[in-house]
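> any chance you could fold what I've pasted below:
(chains A and B)
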Protein chains: 2
Amino acid sequence: MKLLVNPSPEKWKKQLARPVQKTKEINKIVKPIFEKVEKNGDKALKKFAQEYDHVSLDSLLATAEEIKAAKDQISKELKEAIKTAKANIERFHAAQASPELIEEVMPGVVCRRKSVPIQRVGLYIPGGTAPLFSTVLMLGVPAKIAGCTEIVLCSPPNREGKIHPAILYTADLVGITKIVKVGGAQAVAALTFGTESVPQVDKIFGPGNQYVTAAKQFATKYGVAIDMPAGPSEVLVYADETAVPAFVASDLLSQAEHGVDSQVVLVTPSDKFAKKVLKEIDVQLEDLSRKDIAFKALQNSTAVVMEDQKTALELINDYAPEHLIIAVENEEEAVEAIYNAGSVFIGNFTPESAGDYASGTNHTLPTYGYARNYSGVSLDSFLKKMTYQKITPEGLKTLGPVVEVMAANEQLDAHKNAVTIRLNYLKEKMKCP
Amino acid sequence: MKLLVNPSPEKWKKQLARPVQKTKEINKIVKPIFEKVEKNGDKALKKFAQEYDHVSLDSLLATAEEIKAAKDQISKELKEAIKTAKANIERFHAAQASPELIEEVMPGVVCRRKSVPIQRVGLYIPGGTAPLFSTVLMLGVPAKIAGCTEIVLCSPPNREGKIHPAILYTADLVGITKIVKVGGAQAVAALTFGTESVPQVDKIFGPGNQYVTAAKQFATKYGVAIDMPAGPSEVLVYADETAVPAFVASDLLSQAEHGVDSQVVLVTPSDKFAKKVLKEIDVQLEDLSRKDIAFKALQNSTAVVMEDQKTALELINDYAPEHLIIAVENEEEAVEAIYNAGSVFIGNFTPESAGDYASGTNHTLPTYGYARNYSGVSLDSFLKKMTYQKITPEGLKTLGPVVEVMAANEQLDAHKNAVTIRLNYLKEKMKCP
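Predicted structure coming up:
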C-alpha cells in the first residue's frame, strides 16, 4: 500500500487510478459464445458445461430433489443466519416501495405514476469454491417484493453437476423456482435469447468474473437491460484517531481479499494513524486464507494523509467509492458532505461486511467510479415507473390551447391538430347538445 | 398502413417489427469526432461548427445579451404557454420526490436511503428548423428540482451563430445558465470529456438524430451515464367503437409526422372501426405540412384488428409501446392489464400531444420496446439513491454472529474477521470497563 501525504487535487485521478480492465480481448471470446447459444440453445449450453465445468448434464434445471437435499447439506447455524439476513433485507427493501402518485395538475388534468414490475428477470450467481449465496438474497428478495413474474437464477454446476447447496437453499427460501445450471458468458447469452430450458428475460442482474461482466455489457446490444456496469470491488475508509487501527485494517483487508484487482483506500488526517493501520494490515494479513489475493490487491492500494477535512471529503467525492466507511469524530458532518458513494458505513462498529451480508442494505453497488451516476441495486431496480394521464373535456379546454401554441411553434402541425380536432368537436357539441 | 386481422401470437414480433437502425456505420463517423474533441477541445468544436453548422463562432457560450434578446423574439402567447406547461411539469415532477427512508431493521441496526442529486448533467436539445424547446422543460425542470449543481445545455447554432430564441427563453426560465452552441455527436463528446467551454458531466440526457443517439451510446464507454437507449418515436392506439375515428387518426398522424422511421400502430376489436380510421388518416394527411414524412412513416405502420380483448392486451404488452392511447369502453380494465408501456393516455380527450408538451408527465420515454425494462425520464433520473447504515455495539452483538457464519461459509475470512475483531474488542471492554 503506497502512502501519499496531502496530494494536490490535479494528481488525484492518476494517483488513485483504478486497475484498468481489458474488455476488448474478452469481447472476442464472448461474441462466439453468444452466437452458439442463440443458434443451438440448450445443446450449446450442455456443450459449454462439458468444456468449462467439466460435467455432462442431462437436464439443465435443478430438480426438486436436489433442492430438498440441499436443506440437509448445510448447517442449521447457516440456515438460521440466512433467515435473519433475509428478514433484514426484506424489511429494508419492502420499505422502499412508493405508493402510486396521483396529481391533478390543473382541473380536469390528472397525471399518475405507478410502479410496475419488470416482468422477467435473470439473476446470475457465481459458483465455484466460494458460492455467493448472499447475492441470492440481495437480488432475489427485491425481485420477489417487486412482483416480477418470472425470476430465473443461473449458477454454474460443480463437477458432480450440482449447484452449491447454500445457493439452492437460499433460492428456495426466497421462492425462486427456476434454477438453471449454467455459468459464465453462456448463462448471460441464454438469458438474453432464451433457450429450451432458460426463459428469455428483460433484465439481467448479478456479479461475475470478467467474462460475465463483458457478456452483460454485450447483452445490452440485444435490448436486454442490466443492473449496472461492473468493475472490481473497492472500499474507501475515512478514519481519524478516534477510530481503532485494527478495525480499519480489518475493513481494508475484507475488501482486498475479494480479488487481486480490488482496490482499497485509506484517507486520514493523521500520518501517525495511517502508519498504525499499515502495521496492523501486515499483522492481520498473515492469518488470512486468501492472503495472496489480498496481498496483491494491496499493491493497487493507497493510504492518503489529508490533513484538511474539506479537501479530504472532496477527494472522496472525486473518487466516488463503492463502499465508504466513515469513522471520524464529527461523523455526521462528514456523512452530509458526501454525494458520491454507493453505500456508507458509519462509525466504529459498522464494518462493511455487515452490509455485505445482513444489515439490510443491498450489496450490489456501483464500482469503478460509477457511484457518480448510478445507484446501487434496490427495489427500484426491479420496477419501472409508468406514467398515466387522463384529461376531461373541461381539462382539455384549458390545457388544449397551450398545447396548440407550443406545437405550432415547434412546427408540428399534426401534434396541434390532435388537440384542435377535439376542441372543435367540443364546440360543435355545445351548439347541438 | 397495412391491415392485419387476428394475427397469431407467434407472428407478432415479425409483423410489428420496428424499422432497423444502422448503428455500425454511424459509429465509424462518431469515433473520430470523439477523438478530435478529446484532443483539441473548443478548437475542435469550433471547427465542427464551421463544417456542420456553417458558422464561425468566436465564443461557444450563449451570451447574456442573446438570452435577453430572445425574450423579445418570441410571442407573448408562446411565453405564456411555456409558463403554463412548466408549472404542470414542475408540479408533477416535484411530487415525485421521496422522503429519506430510515429503518431500524433490528435494535441497534439502522439503515437509511436518501436521494442525492447527480452533480453534473448535460442536456442535449436538437435545434434546426423545429427547435424542441419543450424538451428543455422536460429535462431542465426535473434537473433543477433534483438539485443538480451543474446543468449544461447544448444545442446547435443556426447560420447566424445563434441558438433558437424559444430554446434560450425556456432555458433561462428554468434557470439554466450554461448554454453552449454545439450540436451533434461533437456536443456529446464535449460533455463526455469536457473542453475549455463545456464542463464534463456525469450523465447526458436528450433526444437527437442518429448521430447523437450513437454518440450517447459511445459515450458510455467513458464512464458517462445516459438517460436511456433511444430509437424512433412510436404510438400505439387501442380503440373500440366508443372512440372517435377522427381523433384516433389525428393521434396516429401526430406520431407519424415525427420522422420517416416513426411507427404507429392501431389495435381495435372492430374491422369496421379500423377502416374508418384509415379513411380519416387519408383525409387529414392531405393538410399536414409534414405530409411527406408522415406518409413514409405510415408505410412502417399497421392496423391490427384483434377481436378478443385479452389477446389484444397481450399484443400491446408484447409490443411495449412508448406511447399508448387507450380509448375503449372498459378503459380501467384495459389500463390495469398493461405492464409494458412508457406513458399511457386514457380516454377520448387525452391526445398524446398533451403529454408531449404540457400535461405534466415527461415526454422522454423508452422507445423501441425498451418500455419492457426502462422507465421514462422522471425526477429519479437526476438522482442517485445512496444507502447508509450505522450499527451500535449492541446491534453488532446481535447481527455480528450472523455475518460471521455467512462470511465463513462464503470462505471470506477477512470479511468474518472485520466482525470478530470488533466483537472481541467489545468482550474485552466488558471485562475491563
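> and the most centrally placed residue in chain A, what is it in contact with?
In chain A, the C-alpha closest to the average C-alpha coordinate belongs to A:Thr364, at a distance of 3.4 Å (CA atoms, centre = their mean). Residues counted as contacts of A:Thr364 (CB atoms under 8 Å, 6 or more residues apart in numbering or on different chains) are A:135, A:138-139, A:205-207, A:227-228, A:376-377. C-beta here means a position set from N, CA and C on the backbone, and glycine is covered the same way.
> can you list the residues you listed in CSV and add secondary structure?
Below are the contacts of A:Thr364 laid out as CSV (DSSP: H, G, I helix; E, B strand; the rest coil):
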residue, secondary structure
A:Thr135, helix
A:Met138, helix
A:Leu139, helix
A:Phe205, strand
A:Gly206, coil
A:Pro207, coil
A:Asp227, coil
A:Met228, coil
A:Gly376, coil
A:Val377, coil
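> contacts for the host helix or strand of A:Val30 next, please.
In the assignment (DSSP states H and E), A:Val30 maps to helix A:24-40. With CB under 8 Å, 6+ apart as the test, helix A:24-40 has contacts from A:44-45, A:47-48, A:184-186, A:189-190, A:192-193, A:195, A:210-211, A:214-215, A:218-219.
> any idea of the mean pLDDT for it?
Across helix A:24-40, pLDDT averages out at 91.
> elements contacting the lowest-mean-pLDDT helix or strand in chain A?
Lowest on mean pLDDT, DSSP states H and E among the helices and strands of chain A sits helix A:12-15, with a mean of 89. Under the contact criterion of 3 or more CB pairs under 8 Å, 6 or more residues apart in numbering or on different chains; DSSP states H and E, helix A:12-15 touches helix A:309-319.
> buried sites along the helix it packs on?
By 16 or more other CB atoms under 10 Å in any protein chain shown, the buried positions in helix A:309-319 come out as A:309, A:311-313, A:315-317, A:319.
> apart from its neighbours in sequence, what residue is nearest the residue nearest to the centre of chain A?
Nearest in space to A:Thr364, with sequence neighbours left out and distances taken as CB to CB, 6 or more residues apart in numbering or on different chains, is A:Val377 at 3.8 Å.
> distance of the one you found relative to A:Gln96?
11 Å (CB to CB, to the nearest Å).
> of the contacts of helix A:24-40, grab the buried ones for ChimeraX.
If you want just the buried ones from the contacts of helix A:24-40 in ChimeraX, going by 16+ other CB under 10 Å, the selection is:
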select /A:44,45,48,184,185,186,189,190,192,193,195,210,211,214,215,218,219
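> hang on, A:Gly127 packs against A:Ala166?
No - with contact defined as CB atoms under 8 Å, A:Gly127 does not count as touching A:Ala166 (10.3 Å).
> show me which of those two is the more surrounded one.
A side-by-side neighbour count of A:Gly127 and A:Ala166, using other CB atoms under 10 Å in any protein chain shown, places A:Ala166 first with 23 against 20.
> show me where the stretch 251-400 of chain A has its helices.
Here the stretch 251-400 of chain A has its helices, by DSSP state H, counting those that start in this stretch, at A:271-285, A:291-299, A:309-319, A:331-337, A:352-357, A:393-409.
> including distance to A:Gly369 and mean pLDDT, could those helices go into a markdown table?
Output for the helices of the stretch 251-400 of chain A, formatted as a markdown table (distance: least, CB to CB, whole Å; pLDDT from 0 to 100):
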| stretch | distance to A:Gly369 | mean pLDDT |
| --- | --- | --- |
| helix A:271-285 | 23 | 97 |
| helix A:291-299 | 17 | 93 |
| helix A:309-319 | 7 | 97 |
| helix A:331-337 | 18 | 97 |
| helix A:352-357 | 18 | 97 |
| helix A:393-409 | 39 | 97 |
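> most tightly packed of the ones you listed?
Counting by mean count of other CB atoms under 10 Å in any protein chain shown, helix A:352-357 has the highest mean neighbour count of the helices of the stretch 251-400 of chain A, with a mean of 28.
> does that helix come close to chain B?
Yes - Helix A:352-357 lies within reach of chain B by CB under 8 Å from any CB of the partner chain, at A:352-357.
> and the two most separated of these?
Farthest pair in these (CB to CB) is A:Glu352 and A:Tyr357. Separation: 9.9 Å.
> who touches both of A:Val377 and A:Gln96?
In contact with both A:Val377 and A:Gln96: A:Pro142, using CB under 8 Å, 6+ apart.
> neighbour count winner among these two?
Remark: of A:Val377 and A:Gln96, A:Val377 carries more neighbours, 25 against 21, as counted by other CB under 10 Å.
> does the more buried one really touch A:Thr361, like I thought?
No - using CB under 8 Å, A:Val377 makes no contact with A:Thr361, being 10.0 Å away.
> tell me, how many residues neighbour the nearest residue to A:Ala44 once chain neighbours are set aside?
Among residues not flanking A:Ala44 along the chain, A:Lys36 sits closest, at 4.3 Å (CB to CB, 6+ apart). Residues lying near A:Lys36 (other CB under 10 Å) number 17.
> also the one 3 residues further on?
Burial of A:Lys39 is recorded as 10 neighbouring residues (other CB under 10 Å).
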